[in-house]
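> When you get a sec, could you give me coordinates for this:
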Amino acid sequence: MSAQDQTSKAPPEIWHIIFGCLPDPDKRRCLTVSTLFHDFALPFVFRTLHIYFGSWQRLTTRQTNRGSEPDASLRVAEEAQVARTREVLQHIAGNDTFAAVVKKVVVYAYATEDATTEQNLLVQAVPSLVNLRAFTWHGSLPEPSKDVVEALASSCPHLDEVSFSRSLTSWPGLYALQNLRSIAFTWDQVGSNVVEASQDLTEYSSLIEANTNSLQELSTFGAVPWTSVMPALQNLTCLEIHAMSSLTGIAVLFHVCPQLESLTLEPDFDELKHLFAAFVIGPTLLPNLSSFKWISPNLRLSEPILAYVADFLRPKKKLRRLDLDLHCTLEILPLLLSVVQELGTVEVLGMDLQTQDGPLSPEDAATVAQYLPPGLTALRLHTSVEEPSEDFGLWTNHLSKFPALRFVDVQDWSCPLVTLDEVLANPGEVELLGLNGQVRQIEKVGDRAEASLPWSKHKVVFRTAEDLGGEDREWLMRHHDMTMSLHNLVFGLLDDSDFDI
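This is a model prediction of the structure:
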């Protein structure tokens, strides 16, 4: 019996498991090995389809160069991406078998030239995507045509997850998308993210209300007319609110969504007193909360503010993921992490450490590490500190010894707290490492560790859970700039003296 015959007799379920374990490059190579391997690899390779209406890298480079044309290689790469997009869309429209394996479409709308042809091809292809479950539209050059939205609504019965740029909230016809489990309006990597207070949000409100019975995850912004859409939020398990311009009814919102498991807040400073008031009744709210992220990088975490945070967190016995993008000093850090220790459930942790009181010492490194949860699997540590002493040893003496720690992202604006050489010399169990904008896989080869080449900037910016190696890591780095292109240095710090608390 030939090897081909033996291969073909293996149960399909076994091959599905095998192909699922293969690295992406090997899956793509299997497309050309044999008809059998092609058929098994196809659903994995084209499960997610990337559509390019231009090059994000070329557009951002032109903006950086104040409109002048960047290196010719970027133009050539963009032309190749767009040409490939046209071929794929035409193939989808003419091949139902191929179209049926596509479960997610991601559009990169960063065109420097007219993209009408590509958008028309997308409209023609969508009716063939009968198994489409997720649709993401990055950017707004161009904005999605009304025909695209209508095609998604009428032709994709399994679609339950959509994500658009924040600038598209008033786009006409969005309410036609129904039976959605997840709706997100996200930060645009290029262009305006400002939602004017006067902007008409009728379409947006209609979209939320049209999905009252199915909506479980919502990522939105503070301009939402909460009063009108609140009844539609009763089934939410995940809520993200950015640029929260009004927190007057935040406690009421918590009562409406008692089953929330994940909460992200990015409040305007003037509204923080309402958030603190909601924290006061925290023990009775959100008993199922397992993930909490608070983004206020210009807010100094003082003891009075920490007291409110602690009162809110302590009763959350299911909390696994905590990310606090606040200005935290080395003096306050032990108080914060002692609350985390009390919980005993946190495995994914993000924090920002700031100090200007002199160089960090080995004792400071020990203080940081002492209060970290022993079962930590993922850590985000962003700092703005003075240069540490040569024997600081945060990685070598401490972080490398955490037995479950697989992912670490460290960004230090002024000096290296952790170096690649330190990690390679003593890698511990880390698999993926972000250091000051460069993300690398860490692999053990025999008795040594090797680092991959840094990810491309495009991959870092548009990273997915699959890229990062899991939902926990994606959640931890969500809404954080991993490229260090946006230097989130702290200006105009606010502390408890700025609020009536």
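
> Buried ones in whichever strand or helix holds Leu218, by neighbour count?
Assigning secondary structure by DSSP states H and E places Leu218 in strand 217-221. The neighbour-count check on strand 217-221 (16 or more other Cβ atoms under 10 Å) flags 217-221 as buried. (C-beta placed from N, C-alpha, C; glycine too.)

> Stretch 202-222 too?
By neighbour count on 16+ other Cβ under 10 Å, the buried set for stretch 202-222 is 204-208, 210-211, 215-222.

> that older thread, ok, the strand holding Leu218: who's next to it in the sheet?
As defined by DSSP bridges, the strand partners of strand 217-221 come to strand 182-186 (parallel), strand 238-244 (parallel).

> Can you name the element that comes right after the lowest-mean-pLDDT helix or strand in the chain?
For the chain, counting by mean pLDDT, DSSP states H and E, helix 3-9 ranks last in confidence among helices and strands (a mean of 56). Going down the chain from helix 3-9, the next helix or strand is helix 12-21, by DSSP H and E.

> Can you tell me which helices and strands that following helix packs against?
Packing partners of helix 12-21 (3 or more Cβ pairs under 8 Å, 6 or more residues apart in numbering; DSSP states H and E): helix 35-45.

> For the helix it packs on, name the packing helices and strands.
For helix 35-45, the contact count by 3+ Cβ pairs under 8 Å, 6+ apart identifies helix 3-9, helix 12-21, helix 24-30 as packing neighbours.

> Buried residues, the helix or strand just after it. List them.
Using DSSP H and E, the next helix or strand after helix 35-45 towards the C-terminus is strand 48-52. For strand 48-52, burial by neighbour count (16+ other Cβ under 10 Å) applies to 49-52.

> need the contact list for Gly469.
By Cβ atoms under 8 Å, 6 or more residues apart in numbering, Gly469 lies in contact with 406-407, 431-432.

> If you count neighbours, what's buried in stretch 38-45?
Of the residues in stretch 38-45, those scored as buried under the neighbour-count criterion (16+ other Cβ under 10 Å) are 40-45.

> repeat for stretch 441-448
So, applying 16+ other Cβ under 10 Å, buried residues of stretch 441-448: Ile442.

> Pull the residues that contact it.
Counting contacts by Cβ under 8 Å, 6+ apart, the residues touching stretch 441-448 from outside are 423-424, 427, 430-433, 449-452.

> Of those, just the buried ones, PyMOL syntax please.
Buried members of those can be picked out in PyMOL with the line below, counting by 16+ other Cβ under 10 Å:
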select buried, resi 423+427+430+431+432+433+449+451
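
> So which of the contacts of stretch 441-448 sit within helices?
423-424 (DSSP state H).

> Can you tell me which of the contacts of stretch 441-448 is closest to Phe292?
Taking Cβ to Cβ as the measure, Phe292 sits nearest to Leu432 out of these, at 23.0 Å.

> Next up, the contacts around the closest one.
Under the criterion of Cβ under 8 Å, 6+ apart, the contact list for Leu432 reads 406-408, 439-442, 468-469, 473.

> Just want the angle from the longest helix anywhere in the chain to strand 48-52.
Within the chain, and with DSSP H defining each element, the longest helix by residue count is helix 72-94. Using axes from the mean of the first three to the mean of the last three Cα atoms, to 10 degrees, the inter-axis angle of helix 72-94 relative to strand 48-52 is 130 degrees.
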